[in-house]
Structures are given as C-alpha cells and as structure tokens.
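1. the sequence and its predicted three-dimensional model are supplied below.
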Amino acid sequence: LPTFGQRTDTIEKLGLVYSRLRAPLGDVHPMLWNQGGAAGQAAGQLNAVNIEVVNPKRSALNGLFAAYGGHLQSQEIDWDDTRDDTVVGANLLSVRVRYYYQLRIPFANSLIHSWTMGARFLGDLRGVQFENQRTAAGTSGWHYLESSGANARGGAYVTMAAFADLLHYYVIPLVATYSMRMQSNLYKDRVRLCAVDA
C-alpha cells in the first residue's frame, strides 16, 4: 500500500487504494497509457495486483461437486468432509497474490530489474563490473538480461521488459502464496471466478 503514495487511515482512503490495486497499471499510472503504441497496450495487460486461487484447481471443480456434494444438490462441498484425501485437499484454500512493485530509486531500479528479469542468464555475462559486462556477442549485460528473461518467461515478463525498455518504468513481481483449511462450505457458483489451473 505505501507504494501507491496514499494514506489508508480512513475506510474511504483505504477503498480508494484498493480500487487502484485492482486496476490495470495504465489506470494506476496514467503516464503509461499516454505513451501509445506497444507501451500503452502493455499498460492495459498488467494489473497492479493479481489474485489467483491455486487450490482447488478449476479443472477439478466439476468432479469435486459431483462426487462430494451430492447430498447438497452438487452445489457445495462440506468444509469438514474427511471421506478421503481428495475432498480434504479440495477444502484446503490456497491463494497466490502477485503484486507488481515499482522500483523508484534511479540506477538501482534498472540493476535490480534486469537481475530479476534474467537471473537464469547471469552466468552468460563476462566482465568485472555489471554495468560494463557484455555477452560473447557484445550485447550489453542489462539489455541481454532483459530480453533473455522476457523471451524465456513470456507473459507478464514481456510487458515488464516493454515498460523498462520504452519508458524506463521498472516493476518486479512480488509473489506470496498462503494456504488454509476452509471454515465454510465451498460453493460451486463462487469459486469459478478466480480459480486457476496453475
């Protein structure tokens, strides 16, 4: 929350920050939209915060409700059902939160960003100091790590590389996953909204 520069000491101000967190980065940081072209499109593809339900998995939901929710019209599963490991696992809620943190400190932001993007490729660089390092082909270390990381990982990393390359706007993903036993029934019509198969 502090990275959005907003006070959160009242419910109204907290609500404003929450609405900004759920918006695409282009809405949160309007200067990204104003760029047009690839950068403007990229700004609409990367949310400031992504929340995913990673367990139970979306692909398993129909089978779970049919097998374990029959006595409840296949619309919900009892949270305390212990018939076997499948239903016990289905009642374990796992949520992944990915926040795209903006790096604001000059010079350090580009270093940390390029290291994050291309951590797997650091061994390909040659030279004493990072800012002078080159690849065997002569490409600069920063550019090589950015492009290699974006190409290898795809998805959001391509967007992050576009922000860095075109706008000098550096973000890195901070990811946290939390699991807990559910304390109420799992409802068929509610979990599909955010469940994933990742």
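-> Good, I have the coordinates.

2. now do the contacts for the residue nearest to Ala176 when sequence neighbours are not counted.
-> Distance criterion CB to CB, 6 or more residues apart in numbering; nearest residue to Ala176, sequence neighbours excluded, is Val97 at 5.2 Å. C-beta: built from backbone N, CA, C; applies to glycine. Going by CB atoms under 8 Å, 6 or more residues apart in numbering, Val97 touches Val49, Asn50, Ile51, Val175, Ala176, Thr177, Tyr178.

3. let's go with 7 Å and repeat that
-> Residues near Val97 by CB atoms under 7 Å, 6 or more residues apart in numbering: Val49, Ile51, Ala176.

4. that one is in what secondary structure piece?
-> strand 92-103 (DSSP states H and E).

5. strands along the protein, start to end?
-> 49-55, 76-77, 92-103, 170-181, 186-187 (DSSP state E).

6. can you put these in JSON lines and add distance to Thr159 and mean pLDDT?
-> As requested, the strands of the chain are exported to JSON lines (distance: least, CB to CB, whole Å; pLDDT from 0 to 100):
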{"stretch": "strand 49-55", "distance to Thr159": "12", "mean pLDDT": "80"}
{"stretch": "strand 76-77", "distance to Thr159": "36", "mean pLDDT": "78"}
{"stretch": "strand 92-103", "distance to Thr159": "9", "mean pLDDT": "84"}
{"stretch": "strand 170-181", "distance to Thr159": "9", "mean pLDDT": "88"}
{"stretch": "strand 186-187", "distance to Thr159": "33", "mean pLDDT": "76"}
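
7. where does pLDDT dip in the protein?
-> For the chain, the stretches flagged by pLDDT under 70 are 1-47, 62, 125-138, 191-195, 198.

8. 90 instead, please
-> The model of the chain has pLDDT under 90 over residues 1-174, 180-198.

9. where do the helices sit along it?
-> Assigned by DSSP state H, the chain shows helices spanning 11-21, 25-28, 37-43, 61-68, 85-90, 108-117, 141-153, 156-162, 188-191.

10. quick one: contacts for Thr177?
-> With CB under 7 Å, 6+ apart, Thr177 has these contacts: Val54, Ser94, Arg96.

11. now, of the residues you listed, which are buried?
-> Those of those that meet the buried threshold are Val54, Arg96, by 16 or more other CB atoms under 10 Å.

12. from the contacts of Thr177, pick the one nearest Ala156.
-> Nearest to Ala156 among the contacts of Thr177 is Arg96, at 13.1 Å by CB to CB.

13. quick one on the thing from earlier: beta partners of the residue nearest to Ala176?
-> Ile51, Ala176 (DSSP bridges).

14. any idea how far it lies from Val158?
-> From Val97 over to Val158 the distance is 21 Å, taken as CB to CB, to the nearest Å.

15. ditto for Ser59
-> Ser59 is 26 Å from Val158, by CB to CB.

16. one more: Ala60?
-> With distances taken as CB to CB, Ala60 is found 30 Å from Val158.

17. again with Val95
-> Val95 is 25 Å from Val158, by CB to CB.

18. got the buried residues for stretch 70-80?
-> Glu76, Ile77, Asp78.
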